[in-house]
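Engineer: sequence-free structure coming up:
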């Protein structure tokens, strides 16, 4: 029995769980202690955000320009709120409260996605009028890498380069996802993901920044004339890994399905906790774990912390406290 809502709730839970793990591995404590093999983080980044964009596209089939107020409340207002709160909290923890400079041009970490989704949904009614919009979006994403002045500012590069995945979701039907649940396809998917993980470990450490899809070719370790083919290869890897992951997501109700409905809460609320975690004495615990158990001990530790945050930040008490900023209704 294939239940559409259970399936996507399961997928969202797992993907946002990996967002939290990826942030802990990449921008938190681990950049100082080097406690996790980079290939694991690179493997996760090879498909988790593209799939979140794809799922958002699937649920944007009814996007219309007259829903501007809804998009402002659900996406743009939370983006501004959390951009300011993140900046304030980060500066307070660094002891630089007197030098705070508010800015919205460089979104903090995952906030770029709210910004991008706002524009994707606003322009969806116009994009669908084009012939072959997915192909066009891929061509633009490949070309945008040659413009060195387009990148981190407003995360324009990500907005453009993740658009193809949003459009794939937009044009997908649930029967496509039920097809992926075929047992033989699932076995193949497990083999593909295992092979991909193996390849990341041995052959692809230098490709890590390519999967962020936010840097111009001039900053990458590849000749600019052939860099477009590197990005095309990255798209192929993302697509293959993404399809393989979607194949093994359970369609039935699981113990974590109920949390998948509220993933926006852990998505937005985990970063301040991560930064606070960086300031606490438990960084020495992490160093001790690495000394005693190596990378395995730290992987278990951070996976446990991430799982706790994923569940705790999705609970009703947390939602009741933060609903006014996570799901605001400020614009009438």
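Structural biologist: Now that the structure is in, tell me what you want to look at. These numbers were taken from a predicted model, which means no experiment stands behind them.

Engineer: which secondary structure element is home to the residue lying closest to residue 169 once chain neighbours are set aside?
Structural biologist: Spatial nearest neighbour of residue 169, chain neighbours left out: residue 57 (2.9 Å); criterion: Cβ to Cβ, 6 or more residues apart in numbering. For glycine as for every other residue, the C-beta is placed from the backbone atoms N, C-alpha and C. Element membership of residue 57 [criterion: DSSP states H and E] is helix 48-58.

Engineer: name the SS class of residue 148, please.
Structural biologist: Under DSSP: H, G, I helix; E, B strand; the rest coil, residue 148 falls in the coil class.

Engineer: check contacts around the nearest residue to it once chain neighbours are set aside.
Structural biologist: Distances taken as Cβ to Cβ, 6+ apart place residue 216 nearest to residue 148, at 4.3 Å, with adjacent residues excluded. Residues in contact with residue 216 (Cβ atoms under 8 Å, 6 or more residues apart in numbering) are 145-148, 150-151, 157.

Engineer: can I get these in a markdown table including neighbour count?
Structural biologist: Shown next, in a markdown table, are these (neighbours: other Cβ atoms under 10 Å):
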| residue | neighbour count |
| --- | --- |
| 145 | 26 |
| 146 | 14 |
| 147 | 13 |
| 148 | 12 |
| 150 | 17 |
| 151 | 18 |
| 157 | 22 |
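
Engineer: where does confidence bottom out across these?
Structural biologist: Among these, residue 151 carries the weakest pLDDT, at 62.

Engineer: quick revisit: contact partners for the residue nearest to residue 169?
Structural biologist: Counting by Cβ under 8 Å, 6+ apart, residue 57 touches 120, 165-172.

Engineer: now do 10 Å
Structural biologist: 63, 117, 120-121, 124, 162-172 (Cβ atoms under 10 Å, 6 or more residues apart in numbering).

Engineer: just the buried subset of those residues, please.
Structural biologist: 63, 117, 120-121, 124, 162-170, 172 (16 or more other Cβ atoms under 10 Å).

Engineer: can you tell me how far the closest residue to residue 265 other than its chain neighbours is from residue 299?
Structural biologist: Distances taken as Cβ to Cβ, 6+ apart put residue 313 closest to residue 265, at 5.0 Å, once the chain neighbours are dropped. Distance, residue 313 to residue 299, using Cβ to Cβ, to the nearest Å: 21 Å.

Engineer: these two: which is more packed in?
Structural biologist: Neighbours per residue (other Cβ atoms under 10 Å) separate residue 313 from residue 299, with residue 313 holding more: 24 against 18.

Engineer: distance of that one from residue 80?
Structural biologist: Separation of residue 313 from residue 80 (Cβ to Cβ): 21 Å.

Engineer: what does residue 106 give?
Structural biologist: Residue 106 is 13 Å from residue 80, by Cβ to Cβ.

Engineer: check the contacts of residue 216 against residue 7 and report the nearest one.
Structural biologist: residue 157 (30.7 Å; Cβ to Cβ).

Engineer: report the contact partners of the closest one.
Structural biologist: 112, 141, 144-145, 147, 150-151, 212-216.

Engineer: need the residues you listed in JSON lines (columns: secondary structure and distance to residue 20).
Structural biologist: Listed next are those as JSON lines, based on DSSP: H, G, I helix; E, B strand; the rest coil; distance: Cβ to Cβ, whole Å:
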{"residue": "112", "secondary structure": "helix", "distance to residue 20": "16"}
{"residue": "141", "secondary structure": "helix", "distance to residue 20": "26"}
{"residue": "144", "secondary structure": "helix", "distance to residue 20": "28"}
{"residue": "145", "secondary structure": "coil", "distance to residue 20": "28"}
{"residue": "147", "secondary structure": "coil", "distance to residue 20": "32"}
{"residue": "150", "secondary structure": "coil", "distance to residue 20": "29"}
{"residue": "151", "secondary structure": "coil", "distance to residue 20": "25"}
{"residue": "212", "secondary structure": "helix", "distance to residue 20": "17"}
{"residue": "213", "secondary structure": "coil", "distance to residue 20": "20"}
{"residue": "214", "secondary structure": "coil", "distance to residue 20": "20"}
{"residue": "215", "secondary structure": "coil", "distance to residue 20": "23"}
{"residue": "216", "secondary structure": "coil", "distance to residue 20": "28"}
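
Engineer: helix or strand for the closest residue to residue 208 other than its chain neighbours, which one?
Structural biologist: Of all residues not flanking residue 208 in the chain, residue 42 sits nearest, at 4.5 Å (Cβ to Cβ, 6+ apart). Using DSSP H and E, residue 42 maps to helix 38-45.
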